[in-house]
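1. Generate coordinates for the sequence data below:
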Amino acid sequence: MKTTTSLTAAVGGTVLLLLAAPAGATTSVSGAVNVTANAGIGAVSATDTHNASFTGAPTALSTSATATAVSGADSSTTAGAVAATWASANSGAVDFTNYGWNLNSSAASLPSSGSMWGSPDWSYTFTATSSGTFTMNYAVTSTGNGFGLWGWNIGWSGLGGGQILPGSAAYTPDTTGLFTRVVTAGQTYTIDLATNANISVAPGASYAGNMNGVYNWSIGGASVPEPAAWAFMFVGLFGAGASLRRRRALHAAL
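-> Now for the predicted structure:
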């Protein structure tokens, strides 16, 4: 009974070691957020751009931009804000709020416009220290008139490429989804989110709409034991077997 118990304990301890082997991880390289707002009314235009970034260890980032063009009693305002957090190098969240515009043109000769084009609104570069999967869940919702808001394209530097918005997103950005890509140990990747929001409105028209987006992401490693863990397992099983043989020989001699 003691022999069986000892063998069970040895094997059980080895299994626990394998289960405790570290999962995939990543090393943070850099992160950034950017908001660019462009507004136009007639021949008047305005642009506002703000950004924030880090290099090395991740830290929370946020920024916003507002551009307003005015011509007499008419105006065009475009605005948006982004906040990004990292729970670790392996997971985080991006929140976009009130991306959109309020266009007011009463004069028959003054068209108005708004756009949010610029650098990617969010980006993260990391190096995978073990193979696994990048996963991003997202939800985009709009209020007011959603035409022209589009949403956010997903850029991916690795195998499989990113995810471009379908043509239907021009009419409403509202969507939910899941984006996944394989990561390989030793490779460096960049993931980014970039809006395609833009609109031009005919003279004498008013137009308003905005959107919010929530993107939660994580990087999980494959559950494959490291070589050192396999070596320890074999050593443990060999030792348990040797102990069992010695005990049997002792009982035979008695």
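2. Enumerate the beta-bridge partners assigned to residue 71.
-> Per DSSP bridges, the residues bridged to residue 71 are residue 74.
3. Check the gap between it and residue 44 for me.
-> Distance of residue 71 to residue 44, computed by C-beta to C-beta, to the nearest Å: 5 Å. No exception for glycine: its C-beta is placed from N, CA and C like everyone else's.
4. do residue 217 as well
-> In this view, residue 217 and residue 44 are 39 Å apart by C-beta to C-beta.
5. Likewise for residue 143?
-> 27 Å.
6. Those two: which is more packed in?
-> More crowded of residue 143 and residue 44, by other C-beta atoms under 10 Å: residue 44, with 17 against 13.
7. List the residues that contact residue 138.
-> 152, 175, 176, 177, 178, 179, 213, 214, 215, 216 (C-beta atoms under 8 Å, 6 or more residues apart in numbering).
8. If we use 7 Å, what do you get?
-> Residue 138 makes contacts with 176, 177, 213, 214, 215, as judged by C-beta atoms under 7 Å, 6 or more residues apart in numbering.
9. With residue 153 instead?
-> Counted by C-beta under 7 Å, 6+ apart, residue 153 has contacts 162, 163, 164, 165, 194, 196.
10. nearest to residue 121, of those residues?
-> residue 194 (5.9 Å; C-beta to C-beta).
11. SS state for the nearest residue to the closest one once chain neighbours are set aside?
-> Closest residue in space to residue 194, ignoring its immediate chain neighbours: residue 120 at 4.3 Å, by C-beta to C-beta, 6 or more residues apart in numbering. Secondary structure for residue 120, judged by DSSP: H, G, I helix; E, B strand; the rest coil, is coil.
12. Count the neighbours of residue 120 for me.
-> Neighbourhood size, residue 120 [other C-beta under 10 Å]: 18.
13. Repeat that for residue 195.
-> Using other C-beta under 10 Å as the criterion, the residues surrounding residue 195 number 28.
14. hang on, isn't it packed against residue 114?
-> No - in this structure residue 195 lies outside contact range of residue 114 using C-beta atoms under 7 Å: 11.7 Å.
15. which residues are in contact with both of these two?
-> Joint contacts of residue 195 and residue 114 (C-beta under 7 Å, 6+ apart) do not exist.
16. Now do the same contact list for residue 50.
-> 35, 63, 64, 65.
17. Within the helices and strands, which one has it?
-> Residue 50 is part of strand 44-55, with elements assigned from DSSP states H and E.
18. Next one: the residue most central in space within the chain from residue 87, what distance?
-> Nearest to the geometric centre of the chain sits residue 217, at 4.3 Å (C-alpha atoms, centre = their mean). Using C-beta to C-beta, one obtains 10 Å as the distance from residue 217 to residue 87.
19. Could you do residue 147 as well?
-> Taking C-beta to C-beta, one finds residue 147 at 36 Å from residue 87.
20. Show me which of those two is the more surrounded one.
-> Counted by other C-beta under 10 Å, residue 147 and residue 87 do not tie: residue 147 has more neighbours, with 15 against 11.
21. And the pLDDT for the more buried one?
-> Per-residue confidence at residue 147 stands at 95 (pLDDT).
22. which phi and psi does the closest residue to it other than its chain neighbours have?
-> Among residues not flanking residue 147 along the chain, residue 171 sits closest, at 5.8 Å (C-beta to C-beta, 6+ apart). Main-chain dihedrals, residue 171, degrees, to the nearest 10: phi -90, psi -30.
23. Check the gap between residue 171 and residue 75 for me.
-> Residue 171 sits 25 Å away from residue 75, going by C-beta to C-beta.
24. Those two: who's more crowded?
-> Just comparing residue 171 and residue 75: by other C-beta under 10 Å the higher neighbour count belongs to residue 75, 19 against 13.
25. and that one, what is it in contact with?
-> 41, 68, 69, 104 are the contacts of residue 75 under C-beta under 7 Å, 6+ apart.
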